[in-house]
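A.B. asks: Sequence unavailable; structure follows:
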């Protein structure tokens, strides 16, 4: 029953936290993706999308094909003729003499022009009537029932993005729009690191260049830039057409410094329950603070003191706010734990054969390891029990200064393995229980 | 802002701007999905790119009946599965020894206690097979039978992998030392 409750909660935990979680992808992911899209798009020939690139491609292939074709035939002709003299010059000298080197060169452009024209004219013929039809039939018919074309047109005038999104052909048909040009940036004022998304709103240009004022630049149309150092940055956008700068604009980005939340626990007292712990605040650039002690209480004091009533895993969190409202936070996990609390036992000892010692020991007196006892730090309550292999208790101590001397009721125990179990409470309130075995050795 | 409908309409015509807008709008959500199925962010971003390629070139198949976000998520999940199958042969098959259940007396985890970063990390560290089954069952809400078909495994394998994944996750969460229960209650 208990297990079942737990299962549901693990599942719910992940579903609630992660089902709609958002992760910001790296900026390069988008550019690589768009490049892949462009490549895939290009490889996939679609008659509805014939544009200047395809036209150019067709012309270029036409020209190269014709050049190859001609030079191929010329070469083969030349070869024939040059090979002929070896065999034929004796019998037929007229042909040999009349091979003109210049003539085919003159012919070449003429022929390629013919090919050229042919390819264009045939392309145009096939393109013109079908182009508009196929475009509408293929793309629109499917979704016409969803969005009527009229609606699209009406939103054209309203939405700049939409106008930029019209295919090139349509722009050419309707003529260029007058230049509208400005920088649009989202969140141009904020805390470092500040991510700003810039939009280039100019509609027709060859290339653009953004200069971000912190040494960085970009040629993307709508770049995203992260300003990681505080300051005021003047962002410039230059737009080029036909290789010449024809417009530029600038915009101001203000980045406020990010505060740094830092603190530590003052160590003059034990870090433990029922002591008042003091927190030292080392935050930078901050004017306001909020502490969360993890046990449900909070404070807004610069350096608060706090007392935990019982032991537990408390995560102390400090949020520091700057005068501009920027914030930073730091969390100290498990504030009550500390490496200064430990207890360890050896795995063997050699009892004194002269008789029971009573188990008193100190690190100096027990250099021969005659008493089984722990090394420890920060232990408040202590209980040690020793059992034989059969599970019979043969020794018990509630004083950490008394260990086991290897005797049971005045008799030296047999050499061999014994089981120990210890229960302690550390000074921070943390209970601790451990079992292990120890080998009693004979001198 | 364009509505989803307009974006879809334009994307179906392979409009580059609309594709970018679609990416800007949903890439973060979908990366959140992909990261659950990947071992790290770089792998998740690879899956994200493949997902968007699929989305851009198949958007005309979106009928408009179901929710668009649901459709996008489904593609991301399917791409993650394809990715898993593709990479299966490059991965060593790690079999974790039978998990020994530890009685802790903990009945539930508090909802806001773990940050999503921590939960992602726990998922990323899981063996790949466990991660697939756990995500599909716990977060996506598929039935074991459907998962078995998707991953090409047995229904019982799906069930047992899910329960082992859950045990490992619970163990990891406890090891993080971030349980709200205190030792003193236990004693």
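C.D. replies: Cool, the structure landed. It should be emphasised that the depicted structure is a prediction, and the values quoted were computed from it without experimental measurement. Residues are numbered from 1 along each chain as shown, chains lettered A, B, ... in the order given.

A.B. asks: Which helix or strand in chain B has the lowest average pLDDT?
C.D. replies: Every helix and strand of chain B was ranked by mean pLDDT, DSSP states H and E. The lowest is helix B:183-186, at a mean of 41.

A.B. asks: Tell me where the model's unsure across chain B.
C.D. replies: B:1, B:89-112, B:177-187 (pLDDT under 70).

A.B. asks: could you redo the last one with a cut-off of 80?
C.D. replies: The model of chain B has pLDDT under 80 over residues B:1-2, B:63-65, B:87-115, B:175-187.

A.B. asks: which parts of the biggest strand by length in chain A are buried?
C.D. replies: Across chain A, the longest stretch assigned as strand under DSSP state E is strand A:244-256. Neighbour-count burial for strand A:244-256 flags A:251, A:253, A:255, A:256 (criterion: 16 or more other Cβ atoms under 10 Å in any protein chain shown). All C-beta atoms are positioned from the backbone trio N, CA, C, and that covers glycine.

A.B. asks: cool, and stretch A:328-339?
C.D. replies: Quick answer for stretch A:328-339 (16+ other Cβ under 10 Å): A:328, A:335, A:336, A:337, A:338.

A.B. asks: Likewise for stretch B:124-140?
C.D. replies: In stretch B:124-140, residues buried by neighbour count (16+ other Cβ under 10 Å) are B:124, B:126-140.

A.B. asks: and what of stretch B:74-90?
C.D. replies: B:75, B:76, B:77, B:79, B:80, B:81, B:83, B:84.

A.B. asks: Sort out for me which of the residues you listed are in helices.
C.D. replies: B:75, B:76, B:77, B:79, B:80, B:81, B:83, B:84 (DSSP state H).

A.B. asks: mind putting the residues you listed in JSON lines, distance to chain A included?
C.D. replies: Listed next are those as JSON lines, based on distance: Cβ to the nearest Cβ, whole Å:
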{"residue": "B:75", "distance to chain A": "14"}
{"residue": "B:76", "distance to chain A": "12"}
{"residue": "B:77", "distance to chain A": "12"}
{"residue": "B:79", "distance to chain A": "13"}
{"residue": "B:80", "distance to chain A": "14"}
{"residue": "B:81", "distance to chain A": "17"}
{"residue": "B:83", "distance to chain A": "15"}
{"residue": "B:84", "distance to chain A": "18"}
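
A.B. asks: Report the two of those residues separated the most.
C.D. replies: B:75 and B:84 (14.8 Å; Cβ to Cβ).

A.B. asks: For chain A, which residue gets nearest to chain B?
C.D. replies: Here the residue of chain A nearest chain B is residue A:312; by Cβ to the nearest Cβ that distance is 3.4 Å.

A.B. asks: quick one: residue A:245 and residue A:185, what's the gap?
C.D. replies: Distance of residue A:245 to residue A:185, given as Cβ to Cβ, to the nearest Å: 21 Å.

A.B. asks: how about the residue nearest to residue B:129 when sequence neighbours are not counted, what does it touch?
C.D. replies: Nearest residue to residue B:129 in three dimensions, chain neighbours excluded: residue B:161, at 5.8 Å (Cβ to Cβ, 6 or more residues apart in numbering or on different chains). If a contact means Cβ atoms under 8 Å, 6 or more residues apart in numbering or on different chains, then residue B:161 has B:129, B:130, B:133, B:134, B:153 as its contacts.

A.B. asks: What distance do you get for residue A:440 to residue A:357?
C.D. replies: In terms of Cβ to Cβ, residue A:440 sits 14 Å off from residue A:357.

A.B. asks: ok, which stretches of chain B are helices?
C.D. replies: Using DSSP H, helices in chain B cover B:4-12, B:16-37, B:41-58, B:68-88, B:116-125, B:128-134, B:144-151, B:155-175, B:183-186.

A.B. asks: what packs against the fifth one?
C.D. replies: Right, the one you point to is helix B:116-125. helix A:2-18, helix B:16-37, helix B:128-134, helix B:155-175 (3 or more Cβ pairs under 8 Å, 6 or more residues apart in numbering or on different chains; DSSP states H and E).

A.B. asks: what does it contact?
C.D. replies: Contacts for helix B:116-125 (Cβ under 8 Å, 6+ apart): A:13-14, A:17-18, A:21, A:23, B:35-36, B:38-40, B:131, B:134-135, B:169, B:172-173, B:176, B:178.

A.B. asks: how far out from the middle of the chain is that helix?
C.D. replies: Centroid displacement of helix B:116-125 relative to its chain, using Cα atoms, centre = their mean, to the nearest Å, is 11 Å.

A.B. asks: That one to helix B:41-58, inter-axis angle?
C.D. replies: 90 degrees (axes from the mean of the first three to the mean of the last three Cα atoms, to 10 degrees).

A.B. asks: buried sites along helix B:116-125?
C.D. replies: B:116, B:119, B:120, B:122, B:123, B:124.

A.B. asks: Appreciated, that's everything.
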